[in-house]
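> sequence and predicted structure, then a few things I'm wondering about:
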Amino acid sequence: MELEVILLGLWKTLVLLYDVITLPYFLLSQRPWLQLQKGNRTRATPVRTGDPYSTWQRTGKQPNVDAFFGKHQDARELYRMTFKTFAKQKCYGYRKVFNEEEEKQPNGKVFRKLIMDDQYTWISYEQADKEIEDLAAGLWSLGVKSGDRVVIIAETRLEWMTTVHALIRLGVTVATLYATLGDDGVVHGINEQEATHVITNVDLLLKMARLKSKIPKVNCIVYFENAYKKLKLPEFPDTRLVSYSQTLEEGHGLSNLPIAPIKPDDIAFMMYTSGSTGIPKAVMISHKNLLSASKAVLSTIILEMELKDDDIFLAYLPQAHIFELACELTVILVGLPIAYSSPQTMTDTSTAVKRGCIGDVSLVKPSLMPCVPLILDRIHKEVVNKIRSRNNRLLKGIFEFSLDYKTFWTRKGFQTPLINRFVFNKIKRMMGGRLRFLLVGGAPLSPETQEFAANCLDCRVYQGYAATECVSAGAVMDRYDLSYGRVGGPLYGVKLRLQDWREGGYYATDKPNPRGEVLIGGDVISKGYYKNEDETNKVYFEEDGIRWWATGDIVEVYPDGTLKIVDRKKDLVKLQHGEYISLGKVESILSFCDFVDNICVYGDSFHTNVIALIVPNRKALTELAAQFKKESLSFSDLCQDNEIIAGVKKAVAEHGSKSGLLRMEIPGEIKLCSEVWMPDNGLVTASFKVRRKQIQEFYKQDIIRLYNSNPSSKST
């Protein structure tokens, strides 16, 4: 005990001495006063001073990005220019897979493990351009013509992006569907687009064959192969089945295709939403929308990063998600290499990485990558739980002191190289060791997780706010923003304003900061929902020559023009006594309980409290089981054991109370769900946001049982 105290004291002394000695150097090199000055600057101001309902727009002069865009007004010519500009540079990288094998886990589960190359294979912009030209010609030979709508439903991979570029060159509208979308969603999307051609993964061909009778207009399917294994292809009566490589061969040598010109208002993408609140809707994104969003992102954030020659972007999120697609299309404009990965192969501990092999991030060492909050939440929990579980007071003391010490100095604009090297370097290596910028979107990120990730991974964590409807261009933090829990100010060329939400009690006249539903306006706002005029008219409108979209999200605007997401209209429920509960807020707080891996809170106006459906953390649940001497029970049995449920319910209630939740916000009953919520089973979206309606339908009987087991929740 005394030795641990002495060693911890020595570490603290060493850190302090190092900082005192090197302080003059860091004052001169880092100039923290300038960092703070830039950090405290105003990001956006209202057009009409003193008017709480005024439009807000970004301050300062927008950087000139003409060199990247020229005079092009459509994506076809823009990207043709880009591929020629960076012809000899690395463009796309992928990792060859030679084979796969099954690996049995200690718990009896069997995982598919991939035998992969120990290096990335890269193709240049010039080679990618040639492949795109051949593919476009090959698709034309298969009957794809300018003005058609072609559906692509596939996992993230290099071929997905080359196919999109090929379709754009043909003047085709690309309709994107999530590969994890359920059967009904796939059928709905393909039929709504009246598509005759579908592009997919070979692994999804069985699904397509099963649905073929429900998508009668489809007469040609192009599929991406798996080079390392040969699969028996299903039969498709009256449908041509062609591989990606065959399509390339078909197009090789073809030229002078009859391609129609593209107008700025032509539709480039029909991007289907994830369907978190119902049937997926196709958002119509024009070429003008796409280029306007790219200009906004490029001028506001990408140029500010001061990219280096050896920077690499890692792509692994679903390309059917506007966040991933917008990132990839934008970094291409500056000639940045894109390395393709997947959640199954990304890290050394990913499920498809063979024991003893390394994951993609360890191999490619990316410097820039997108991320969704769930991944950072899991890293946060994993690191904290690992420190706790080692039962080493010295290690815990060093980590906690170092984290607190670094947090103190980074808030003042300083870096802590000694602590970074000896304490956080191992955590940083989890993401490759070279990560400089992390772009976070898709869902709200808690301030605790954001600051923890920034300090432990030693990188800038940019949190942004946007959606498919505004082509992923809404608000974003900048490089010098030292705040946490906010999403920055509007991008250049994007306009924001507030409108009151009386039902929720949010007003633009609120003090000390205005609050309300945020409206986004400008050329980034899409044309609406395809074949859905009623939904379009509910949230889109024109005013004074500006197109606006009502987001449904409630924000607070700070004096420097940055936003904080505080609520969501669709997440609000009214309990029996008239209290309004924000389900998203409750879920965000309870997700930090050690027992919670994922959570969906439910409430209705017939009861006085909410209930919670919880996917429990396996490690925490196993430790709780040991306290009750129930280690022999399976995970499924633990989720149904009354003592275990009571223990978790107590922990959740205590965590909620300590975090400031009101009595009616703390779940009166809980269910522990042994099922993993994944996009594959339709319970979460591709960005891992809970799909409330689907979860409520899946657990309908459990919800009824939970409320019936607590009669006091229903007043008489």
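Done, it's in. Note that the structure is a prediction, hence the values are computed from the model and not measured.

> quick one: contacts of the lowest-mean-pLDDT helix or strand in the chain?
One helix or strand of the chain scores below all others by mean pLDDT, DSSP states H and E: helix 32-39, with a mean of 72. Defining contact as C-beta atoms under 8 Å, 6 or more residues apart in numbering, one finds that helix 32-39 is touched by 26, 412-414, 480-483. Just so you know, the C-beta spots here come from the backbone N, C-alpha and C atoms, and that holds for glycine as well.

> most neighbours out of these, which is it?
Neighbour counts for the contacts of helix 32-39 (other C-beta atoms under 10 Å) peak at D481, which has 22 neighbours.

> just checking, it touches Y558?
No: assessed by C-beta atoms under 8 Å, D481 is found out of contact with Y558, at 10.8 Å.

> so what does the longest helix seen in the chain touch, helix or strand wise?
Ranked by residue count and defined by DSSP state H, the top helix of the chain is helix 2-29. For helix 2-29, the helices and strands in contact under the criterion 3 or more C-beta pairs under 8 Å, 6 or more residues apart in numbering; DSSP states H and E are helix 393-410, helix 417-419.

> shaky segments in the protein?
Along the chain, segments meeting pLDDT under 70 span 1, 30, 33, 105-108, 274-278, 576-578, 687, 710-716.

> outline the domain layout of it.
What automatic domain parsing lists as the domains of the chain is 72-338, 575-713.

> the closest residue to E250 other than its chain neighbours: helix or strand, and which one exactly?
Distances taken as C-beta to C-beta, 6 or more residues apart in numbering put G138 closest to E250, at 4.1 Å, once the chain neighbours are dropped. Using DSSP states H and E, G138 sits in helix 125-141.

> next SSE after that helix?
strand 149-153.

> ok and that following strand relative to helix 125-141, angle-wise?
Angle, strand 149-153 to helix 125-141, by axes from the mean of the first three to the mean of the last three C-alpha atoms, to 10 degrees: 120 degrees.

> and strand 149-153, which strands flank it?
strand 173-177 (parallel), strand 197-201 (parallel) (DSSP bridges).

> what lies in contact with the helix or strand just after that strand?
Using DSSP H and E, the helix or strand that follows strand 149-153 in sequence is helix 158-169. If you take C-beta under 8 Å, 6+ apart as the criterion, helix 158-169 is touched by 75-76, 79-80, 92-94, 128, 131-133, 135-136, 139, 144, 150, 152, 154, 174, 199, 222, 224, 244, 259, 268, 319, 328, 338, 340.

> against which helices or strands is the longest strand along the chain packed?
As assigned by DSSP state E, the longest strand anywhere in the chain is strand 546-557. Judged by 3+ C-beta pairs under 8 Å, 6+ apart, the packing partners of strand 546-557 are strand 495-499, strand 515-521, helix 533-539, strand 540-543, strand 563-568.

> would you reformat these as a markdown table and include mean neighbour count?
Below are the helices and strands packed on strand 546-557 laid out as a markdown table (neighbours: other C-beta atoms under 10 Å):
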| stretch | mean neighbour count |
| --- | --- |
| strand 495-499 | 23 |
| strand 515-521 | 23 |
| helix 533-539 | 13 |
| strand 540-543 | 13 |
| strand 563-568 | 21 |
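
> right, and the helix or strand after the least confident helix or strand of the chain?
strand 44-46.

> residues of that next one that come out buried?
Going by neighbour count (16 or more other C-beta atoms under 10 Å), the buried part of strand 44-46 is 44-46.

> show me which of those is closest to I115.
Set against I115, the nearest of the buried residues of strand 44-46 by C-beta to C-beta is A44 (51.0 Å).

> contact partners for that closest one?
Residues counted as contacts of A44 (C-beta under 8 Å, 6+ apart) are 56-59, 489-490, 496, 560-562.

> 6 Å instead, please
Counting by C-beta atoms under 6 Å, 6 or more residues apart in numbering, A44 touches 56, 58, 489-490, 561.

> likewise Y602?
Y602 neighbours (C-beta under 6 Å, 6+ apart): 611, 703.

> what bridges to it?
Assessed by DSSP bridges, Y602 has beta-bridge partners I611.

> where's A260, which helix or strand?
Using DSSP H and E, A260 sits in no helix or strand.

> distance of the closest residue to it other than its chain neighbours from V164?
Among residues not flanking A260 along the chain, S146 sits closest, at 4.0 Å (C-beta to C-beta, 6+ apart). To V164, S146 is 16 Å away according to C-beta to C-beta, to the nearest Å.

> neighbour count: those two, which is higher?
Set S146 next to V164 and count neighbours by other C-beta under 10 Å: V164 wins out with 25 against 17.

> can you confirm V331 is in a helix?
Yes: assessed with DSSP: H, G, I helix; E, B strand; the rest coil, V331 lies in a helix.

> so that it lines up with my notes, have the first residue be 14 from now on.
Yep, numbering from 14; the last one is V344 now.

> quick one, what contacts it?
F326.

> what do you get if the cut-off is 7 Å, keeping everything else the same?
Contacts for V344 (C-beta atoms under 7 Å, 6 or more residues apart in numbering) come out as 326, 351.

> picking that back up, who wins for proximity to T522 among the domains of the chain?
Nearest to T522, of these and by C-beta to C-beta, is domain 588-726 at 19.4 Å.

> picking up where we left off before, output the helix holding G151 as PDB, nothing but the C-alphas.
Presented in PDB, the C-alpha positions along helix 138-154 are these (Å, rounded to 0.1, in the frame of the first residue of the first chain):
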ATOM      1  CA  TYR A 138      -6.800   7.900 -59.100                       C
ATOM      2  CA  GLU A 139      -5.800   7.200 -62.700                       C
ATOM      3  CA  GLN A 140      -6.500   3.500 -62.300                       C
ATOM      4  CA  ALA A 141      -9.800   4.200 -60.500                       C
ATOM      5  CA  ASP A 142     -10.800   6.600 -63.300                       C
ATOM      6  CA  LYS A 143     -10.200   3.800 -65.900                       C
ATOM      7  CA  GLU A 144     -12.100   1.300 -63.900                       C
ATOM      8  CA  ILE A 145     -15.000   3.700 -63.500                       C
ATOM      9  CA  GLU A 146     -15.100   4.400 -67.300                       C
ATOM     10  CA  ASP A 147     -15.100   0.600 -68.100                       C
ATOM     11  CA  LEU A 148     -17.800   0.000 -65.500                       C
ATOM     12  CA  ALA A 149     -20.000   2.800 -66.800                       C
ATOM     13  CA  ALA A 150     -19.600   1.300 -70.300                       C
ATOM     14  CA  GLY A 151     -20.400  -2.200 -69.000                       C
ATOM     15  CA  LEU A 152     -23.500  -1.000 -67.200                       C
ATOM     16  CA  TRP A 153     -24.600   0.800 -70.400                       C
ATOM     17  CA  SER A 154     -24.200  -2.500 -72.300                       C
END
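
> fine by me, thanks again.
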